[in-house]
Structure formats: C-alpha cells, structure tokens
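J.: From the sequence below, what's the structure:
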Amino acid sequence: RKAQEMGRHFTIVTGRDYGAVKSYLEECNLKCECILSNGAEYRDINGNIIESVYMNKKSVKIAFDILNEANLCIQLMTNNGSYITNKESDKKAIIDRFKLFNPTMTEEEVKKFVAKLRQLRKYYRYKVYFPKKYESYCNQPVQENKVLFLEMRFTTLSNSFQYLYKKLEESGEYDLKCSYVQFNFIRGREFTKRVDDMLQELATAKYVFIDDASLILSSIPLRKETIAINLWHACGAFKKFGRSTAELKFGSSAATLDKYPNYENLTHVTVSSPEVIWAYEEAMHLPKGIVKATGVSRTDLFYDSEFVESRRQKLYEIMPEAKDKKVILYAPTFRGHVATAKSPDKIDFERFYQELGDEYVIVCKHHPFVKKPPVIPEELQHFARDLTKDLSIEDLLCSADICISDYSSLVFEYSLFEKPMIFYAYDYDNYCDWRGFYYDYSEFTPGPVVQTEDELLDSIKNIDTQFDKQRVIDFKEKFMGSCDGHATERIIELMKES
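T.: I've put the predicted structure just below:
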C-alpha cells in the first residue's frame, strides 16, 4: 500500500490463484498487476488476463493417471479454485506439515488441535461472518421481481430448477439470478468469495429457490420480505436424510444439527405427494404447514410426449447400438459421504453381455457426487456405456425399458412410466445401518429385490412374468400423486400467493 501511495510500480507474484489474491487486493484497496499460479497466469490491474500458460487437458489426464496408479492424493490448482481427489490424504498432509513445526506433539494431539481449529472456523463463518455480511447488504430495498436460484453444489443449474427457471423466464415478469456456491466442493477463500457474492444477491431478492440442505441460508437473519422455497431434489421419501439420520453413521449428532441447522428460514418445501409430507417434516425439523404437496417441477416434462420421444432419439445419436435393442438403465445411488462418494462396482459387464447382449444394451448413470465411477471395458462399449456425462437422468428415464437401481429416489420418477424396476440391493444390511429408510424396503419396492448377479440376471430374463404393473401404478399413486404435469404451475402460484 505504501508503494502505491508513493506512485511506485509493483507486481504481486504468488503461487495462488486470482480468487485467493483478489480478496486481499480489495481489502487493502490495491491496484496492481499479478503473476499467479506459479507463473501460469498474468493479470492487469483490473484483473483481466493478459497472458496465460495452462496445461492442456490431455497432459492433465496423463498426470492424473500416473498419480492415481501410484495411489497418491492429487491437488489440482485451477483458475477457479483448488480441487483434491482424496480428502483423507489431504488431512494427513495437513497433520504432517503441522508436526514439522511442532515435533513434540503426537499425531493424536495434532488431530485434536486441527479439529478444534476447524470448529472455530466453522463457528466464525456461520455464526458471525456470513450473518454480518448478509446484514451489511440489506441496506437496499427488496426488489419485488427478483428471483435467486441458489445452487448449493454444482456449477450449473440442477434439473430441480431448470424447468421452473424456463417458465419464469418465458413469463418476462422476473429478474432471474443464479448463484453457485459449490458447498463441499471448493474451500477456503474461493468458497467464502462465492458465498459473499451470493449473499449480496440474496439481500435484495424477493424469492430464493433452493433444492438441498443449506447451512448458509439457515445461518443468516433472512429478511421477512424474502420468500424461501425449497424444491427438494428428490421425489418420494426413500433413504433417510437430515434430522432423521441423527446419530446414524451417515448423519451428524442431534447436538450438531441443533447448533448448525440446514433447513431454517424456509417458507415452503415442495414434495411429490401428500403421503411423504411427514417424512420431510421429520427430516427438516419443520412445523406443519410448510411442506406442501405441489408436485415436483422437473417431472412435468415426463407428461410431454414429444419431449419423451426426443430423449430416446438423443440416446440413439450417442449410442446407435441401442436402436434395435431394449434399454436397461443402471442408476445406483452413491455410497459413503458426499465429499468422498463412491459408486457400486458389482456388475460383470462381460458376463452380462454374454447372457443379454442379443436383446439388451445397458446404459449407466452414476450419482453426480461420484467423481471416479467404475470403468466399463472399451471392448464392451457397444453393449454397456456410462452416459453420466453425456445424458441427463431425464434423458435416460425417458429412454429406458427397465430400470435397475438400489436405494435411489429416481425410482419414484421412473414409476410415472409404469415400466419394470429391479432393485439390486447387494449391501442392504450395511446400507440400512448406515442410513436407514422411511418405509420397509422389502414391502414398498415395486419390483424384485435381488442381492447377487445371478438373481439380477434371472430377474432381467424373466421380467415379462415377474413384472407386476399394478404394483407400480399403486406405488406411483401413493408416492407421486401430485406429479401430474402441472406441478410447476402450482409452484408459481404458491410463490405469488406468499
């Protein structure tokens, strides 16, 4: 700052990315050029990129493959924050660095100290910093037509939001904004900056839509004029979440959930059927009247026959081998915690090809939290293909003749098509202990429950005799009763009436 006051030209050189440096520049009111990311980026005094030297994607992939083969943790530094492949290895690296400067401390003492520091940081962020930041932005009036879509985890709007966003945009009545905070996917200053930007937008928004848990939204003193609507990302009520998992392996303790709630400040929560209202009230710890069975916005598309047919054609463009075959969709949920989510690897695609290849193709869709899904051998790509990155779950639900899942809520949506489902629950006992269910699993699943590959193959081969369509219809009416193609209309009406 002294150099700037004296009119001296200076440049900041650092290994960090611009997001990490920008906050310091703003805090100190500095204007200077920056050489960033160990020389990979050169920016002018306004933050514009003058020159950049990035690794190409092919080189990055080669480096990743080599490091993964050696089972090493990778930290990828980008111009949009840093990313790690193994949270546990990252924790160990922090402990090792700490012990380097504190050699007398035991590893257990370091872990306790680091955990305490993290708790202090969490308390400061959510009890002090974010609430104060939000209040500082509330000096302007709420804009009556401003709608904020708060995407908690991803960098684009999730399917829970897309159809509603489109309808609001078509009306021409609203000023639509989107914020992407990438909770649990980025960290440090980049995360704080994204939340800060979001709070600035939220402070003057009349409406905010969210589709997930949000510690951030729950931690601030939300203006009374702002209507917060949670379009929960799942249909029905299958595996437990929120307060329902308190004290289970998957969940936090009740004390932690009381201290750091995820479902405060909600005006409305929209769900797929009156049947499941009780489960959301329990999970979100909400009083009666907030959870409403309007139906789920994204399911409206399934009542558009042209849309459904276009999705099948889209599949054929990507996988022409599917044209003359029946399509099996394999879409399991993730295992473990969100930050370290893994996908099952319990199908021998070579065997399935030998026994089913004349009649079927298999398309896989893994949960979006899974970063490294199982790899299907190249020589079997004509029969089985992982289309997680190529097609949306809506595309594949519209295209599938049979759906194989386990504990994923997508089976509720698939029931709208009244087609066969098979539940491949090879780890049922462990998963039940890990997370639990709202309904008795074996009684409420509208299709065969299998635990081995042999049983799965047998169910596929005998699907015509095992398929009980009426059972699927009853399931649909019970858990998807409000999803009739007009859910988005009702949500917009609810929004206007609030």
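
J.: if I look at the closest residue to residue 222 other than its chain neighbours, how far off is residue 216?
T.: Nearest residue to residue 222, sequence neighbours excluded (CB to CB, 6 or more residues apart in numbering): residue 265, at 4.3 Å. Placement of C-beta: from N, CA and C, glycine included. Applying CB to CB, to the nearest Å, the value for residue 265 to residue 216 is 10 Å.

J.: So which helix or strand of the chain has the lowest pLDDT on average?
T.: strand 81-84 (a mean of 62; mean pLDDT, DSSP states H and E).

J.: you'd agree the residue nearest to residue 222 is up against residue 218?
T.: Yes. Between residue 265 and residue 218 there is a contact at 6.0 Å, judged by CB atoms under 8 Å.

J.: What are the boundaries of the helices in the stretch 1-150 of the chain?
T.: 2-5, 18-28, 57-69, 87-101, 107-123, 130-136 (DSSP state H, counting those that start in this stretch).

J.: Can you pull out the low-pLDDT segments for this protein?
T.: Applying pLDDT under 70 to the chain flags the ranges 78-91.

J.: Can you check which strand is longest in it?
T.: In the chain, ranked by residue count with DSSP state E as the criterion, the top strand is strand 143-151.

J.: Show me what that one is in contact with.
T.: If you take CB atoms under 8 Å, 6 or more residues apart in numbering as the criterion, strand 143-151 is touched by 157-158, 161, 165, 168, 173-181, 198, 201-202, 204-211, 214, 217.

J.: Just the buried ones from these?
T.: Neighbour-count burial (16 or more other CB atoms under 10 Å) is assigned, among the contacts of strand 143-151, to 157-158, 161, 165, 168, 174, 177-181, 198, 201-202, 204-211, 214, 217.

J.: ok so, going back, quick one, which of residue 265 and residue 216 is more surrounded?
T.: The neighbour comparison of residue 265 against residue 216 (other CB atoms under 10 Å) goes to residue 216, with 22 against 18.

J.: hang on, isn't that one packed against residue 122?
T.: No. Using CB under 8 Å, residue 216 makes no contact with residue 122, being 11.8 Å away.

J.: returning to that earlier point: quickly run through the sheet partners of the longest strand of the chain, with directions.
T.: Here strand 143-151 is paired, per DSSP bridges, with strand 175-180 (parallel), strand 205-210 (parallel).

J.: Tell me the buried residues in it?
T.: Neighbour-count burial for strand 143-151 [16+ other CB under 10 Å]: 146, 147, 148, 149, 150, 151.

J.: Would you format these as TSV with distance to residue 254 included?
T.: Converted to TSV, these look like this (distance: CB to CB, whole Å):
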residue	distance to residue 254
146	36
147	34
148	31
149	31
150	26
151	28
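
J.: Dead centre of this structure: give me the residue that sits there.
T.: For the chain, residue 153 is the residue whose C-alpha lies nearest the centre (CA atoms, centre = their mean; 5.0 Å).

J.: ok, now how distant is the closest residue in space to residue 415 that isn't next to it in sequence from residue 200?
T.: Excluding the flanking residues, the one nearest residue 415 by CB to CB, 6+ apart is residue 476, at 4.0 Å. To residue 200, residue 476 is 43 Å away according to CB to CB.

J.: the more surrounded of the two?
T.: When neighbours are counted by other CB under 10 Å, residue 476 and residue 200 differ, and residue 476 comes out ahead with 22 against 15.

J.: pretty sure that one is in contact with residue 421, am I right?
T.: No. Counting by CB under 8 Å, residue 476 does not reach residue 421; the two are 11.0 Å apart.

J.: shared neighbours, these two?
T.: Joint contacts of residue 476 and residue 421 (CB under 8 Å, 6+ apart) are residue 415.

J.: CA atoms only for stretch 364-379 - export them in CSV, please.
T.: C-alpha atoms of stretch 364-379 as CSV (Å, rounded to 0.1, in the frame of the first residue of the first chain):
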residue,chain,number,x,y,z
CYS,A,364,-25.2,-46.4,-16.7
LYS,A,365,-25.9,-43.2,-14.8
HIS,A,366,-23.9,-42.6,-11.7
HIS,A,367,-24.8,-40.1,-8.9
PRO,A,368,-23.4,-36.6,-9.6
PHE,A,369,-21.4,-36.7,-6.3
VAL,A,370,-19.3,-39.6,-7.6
LYS,A,371,-16.0,-38.4,-9.1
LYS,A,372,-14.5,-41.7,-10.2
PRO,A,373,-17.2,-44.1,-11.4
PRO,A,374,-16.3,-47.7,-12.3
VAL,A,375,-14.8,-48.1,-15.8
ILE,A,376,-16.6,-50.2,-18.5
PRO,A,377,-14.0,-52.0,-20.7
GLU,A,378,-13.6,-50.4,-24.1
GLU,A,379,-14.4,-53.7,-25.9
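
J.: Let me see the residues that make contact with that stretch.
T.: 85, 153-154, 329-334, 338, 341-345, 349-350, 384-388, 391, 393, 396, 408.

J.: Now go through those and say which are in strands.
T.: With strands taken from DSSP E, the overlap with those comprises 329, 330, 384, 385, 386.

J.: Mind putting those into CSV with neighbour count?
T.: Shown next, in CSV, are the ones in strands among the contacts of stretch 364-379 (neighbours: other CB atoms under 10 Å):
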residue, neighbour count
329, 24
330, 25
384, 24
385, 21
386, 18
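
J.: residue ranges of the helices in the stretch 201-350 of the chain, please?
T.: Counting by DSSP H, counting those that start in this stretch, the helices of the stretch 201-350 of the chain are 215-219, 254-259, 277-284, 305-318, 349-356.

J.: With respect to residue 59, which of the ones you listed lies nearest?
T.: Closest approach to residue 59 among the helices of the stretch 201-350 of the chain (CB to CB): helix 305-318, 26.8 Å.

J.: For that closest one, buried residues please.
T.: 308, 311, 312, 314, 315.

J.: With stretch 287-297 instead?
T.: Buried residues in stretch 287-297, counting neighbours by 16+ other CB under 10 Å, are found at 290, 291, 292, 293, 294, 295, 296, 297.

J.: For the residues you listed, give me a markdown table that also has distance to residue 417.
T.: Shown next, in a markdown table, are the buried residues of stretch 287-297 (distance: CB to CB, whole Å):
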| residue | distance to residue 417 |
| --- | --- |
| 290 | 31 |
| 291 | 26 |
| 292 | 25 |
| 293 | 21 |
| 294 | 21 |
| 295 | 16 |
| 296 | 15 |
| 297 | 18 |
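
J.: Pick the one among those residues closest to residue 9.
T.: residue 297 (54.0 Å).

J.: for stretch 333-344, which positions count as buried?
T.: Buried residues in stretch 333-344, counting neighbours by 16+ other CB under 10 Å, are found at 333, 334, 335, 341, 342, 343, 344.

J.: oh, I was asking about stretch 258-270
T.: 260, 261, 262, 263, 264, 265, 266, 267, 268, 269, 270.
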